[in-house]
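Q: need the 3D shape of this:
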Amino acid sequence: MLVSGDELIVPKYNAQVKISGSVLFPTQIPFNEKYGLRDYISSAGGVAENGKRNKIYVVYANGKAASTHGFLFFKSFPEVKPGAEVVVPAKEEKQKLTTTEFIGISSALASLAGVVIAILRR
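A: Okay, here's the model as predicted:
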């Protein structure tokens, strides 16, 4: 219920679709009824090497989100609407041991092996 002094703000109609995340060229293009999710991703240069193809999702103008679903060999992609944002998440990088960490772990294991051998010889 509106009362005296309330302000009602109506945002402008945004007929753009934003493509972001792990794509080659993050961009914003006009909405096209004939385009599907794959078309919008292609217009951004495609998915980058570190992009998760099976975790792509769409955030709609009202704040709700829909993600890609798959069953066996079939995939269903969410519908793209005006004002939406297509997001391609990045794969998490696997952390590798640095040389210092590797040497530290190796020496700890060698020390532990020495203790076990000393205990077994008694």
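Q: with only the CA atoms kept, save the helix or strand hosting residue 86 in CSV.
A: Using DSSP states H and E, residue 86 falls within strand 85-88. In CSV, the C-alpha atoms belonging to strand 85-88 read as follows (Å, rounded to 0.1, in the frame of the first residue of the first chain):
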residue,chain,number,x,y,z
GLU,A,85,23.3,-12.3,-17.5
VAL,A,86,24.9,-15.5,-18.8
VAL,A,87,27.7,-16.6,-16.4
VAL,A,88,30.3,-19.2,-17.2
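Q: which helices and strands sit right next to that strand?
A: Contacts defined by 3 or more CB pairs under 8 Å, 6 or more residues apart in numbering; DSSP states H and E place strand 85-88 against strand 16-21, helix 37-43, strand 57-59. C-beta here means a position set from N, CA and C on the backbone, and glycine is covered the same way.
Q: quick one: which of these is nearest residue 1?
A: Residue 1 lies closest to strand 57-59 among the helices and strands packed on strand 85-88, at 30.3 Å (CB to CB).
Q: contacts for the closest one?
A: By CB atoms under 8 Å, 6 or more residues apart in numbering, the surrounding residues in contact with strand 57-59 are 37, 65-68, 78-80, 84-87, 89.
Q: give me the pLDDT value at residue 4.
A: pLDDT recorded at residue 4 is 90.
Q: buried ones in the longest helix that the chain contains?
A: With DSSP state H setting the assignment, residue counts place helix 99-121 as the longest helix in the chain. Under the neighbour-count criterion of 16 or more other CB atoms under 10 Å, helix 99-121 has nothing buried.
Q: same question, stretch 52-69
A: 56-60, 66, 68.
Q: surely residue 70 is in a strand?
A: Yes: applying DSSP: H, G, I helix; E, B strand; the rest coil, one finds residue 70 inside a strand.
Q: residues contacting it?
A: Going by CB under 8 Å, 6+ apart, residue 70 touches 54, 76.
Q: ok, the residue most central in space within the chain to residue 80 distance?
A: Compute the mean C-alpha point of the chain, and by CA atoms, centre = their mean the closest residue is residue 89, 1.4 Å away. Applying CB to CB, to the nearest Å, the value for residue 89 to residue 80 is 17 Å.
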